[in-house]
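> Got a sequence here, can you build the structure:
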Amino acid sequence: TSHGIVIKGAATNVAIINPSVGWAIPPSARSMGDGIRAMGYPSDSAPASGWTGSTGTIRNLTIVKARVVNAPQTGAVLHGVTDVKVSGFRAIGTKADGLHFNACRRINVSDHSALDCGDDGLAFVTYQHDTDVWDSPSGGPFSTATLSDWCNTGAASGVVVADGVASGVRVQQARDLSISAVVVQSKPNGIIINSSISGGGIDWTSLASNGVSINGVSL
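Numbering: from 1, shown residues only. Next comes the predicted model:
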């Protein structure tokens, strides 16, 4: 019914060091509840009228050596955060993604592992809409009409994903993103870079990514 740790913008220079978040009883199905949830706003300007999820962006967020177990949703999900550093993250048995970024800028991920997660081990996902900036006025996810620097820019290295479903790493409407030193074992898909137009059973639209580099992969 709720999340482990929540950060809401506007916020600056927040550091979360060595947190451990766990659900004592593993959930039987995916539902509400992220281990760590950061809700900012993907702009240097104030939020547009109608947005109630936060008062503004989150800047300079650092998450170090976090461990999340049995989350009903993601190990960590970050929306509208700029200059974010995540190192030594461990997601175990989450029902959704291990670590998920939506509409973030200047991301730095290192030494991340996801074990037996119910969705992608590491996801960089932004959506496209010509007029709507968000899907829900209180919780996102954010979308953008163009491929901007808020479409998950940055880098990730030292990624290990094993077991579970979906993909080791997913890239969807990202820009200028570097991914290196990735090991994926026992997942249906290793690395996916995808875009789509909604319809025919797909409920989202995303632009094609640009400037994505992937190096040093073992699948």
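> Just give me the neighbour total for the closest residue to residue 124 other than its chain neighbours.
Closest residue to residue 124 apart from its sequence neighbours, by CB to CB, 6 or more residues apart in numbering: residue 152 at 4.0 Å. C-beta coordinates here come from the backbone N, C-alpha and C atoms, glycine included. Look at residue 152: counted by other CB atoms under 10 Å, it has 27 neighbours.
> mind checking how far residue 152 is from residue 19?
As judged by CB to CB, to the nearest Å, residue 152 and residue 19 stand 23 Å apart.
> And for residue 180?
26 Å.
> before we move on, what about residue 64?
9 Å.
> Quick check: buried residues in stretch 75-90?
75-86, 89-90 (16 or more other CB atoms under 10 Å).
> can you tell me the helix or strand for residue 85?
Per DSSP states H and E, residue 85 falls inside strand 81-87.
> Then residue 37?
Going by DSSP H and E, residue 37 is part of strand 36-39.
> List the residues that contact the residue positioned nearest the centre of the chain.
Nearest residue to the geometric centre of the chain (CA atoms, centre = their mean): residue 100, 1.6 Å. By CB atoms under 8 Å, 6 or more residues apart in numbering, residue 100 lies in contact with 74, 76, 77, 78, 120, 122, 123, 125.
> burial of residue 28, as a residue count?
Residues near residue 28, counting by other CB under 10 Å: 8.
> Could you do the one 4 residues further on as well?
Burial measure for residue 32: 11 neighbouring residues, criterion other CB under 10 Å.
> how about it, secondary structure?
With DSSP: H, G, I helix; E, B strand; the rest coil as the basis, residue 32 sits in coil.
> Tell me the confidence at it?
pLDDT recorded at residue 32 is 94.
> same question, residue 35
Residue 35 carries a pLDDT score of 98 in this model.
> what's near enough to touch it?
For residue 35, the contacting residues are 3, 4, 5, 21, 66, 68, 71, 74, 75, 76, 91, 94, by CB under 8 Å, 6+ apart.
> Count the residues that sit near the last one.
What it means is residue 94. 33.
> if I look at the closest residue in space to it that isn't next to it in sequence, how far off is residue 99?
Using CB to CB, 6+ apart and skipping residues adjacent in sequence, the residue nearest residue 94 is residue 71, 4.4 Å away. Look at residue 71 and residue 99: by CB to CB, they are 11 Å apart.
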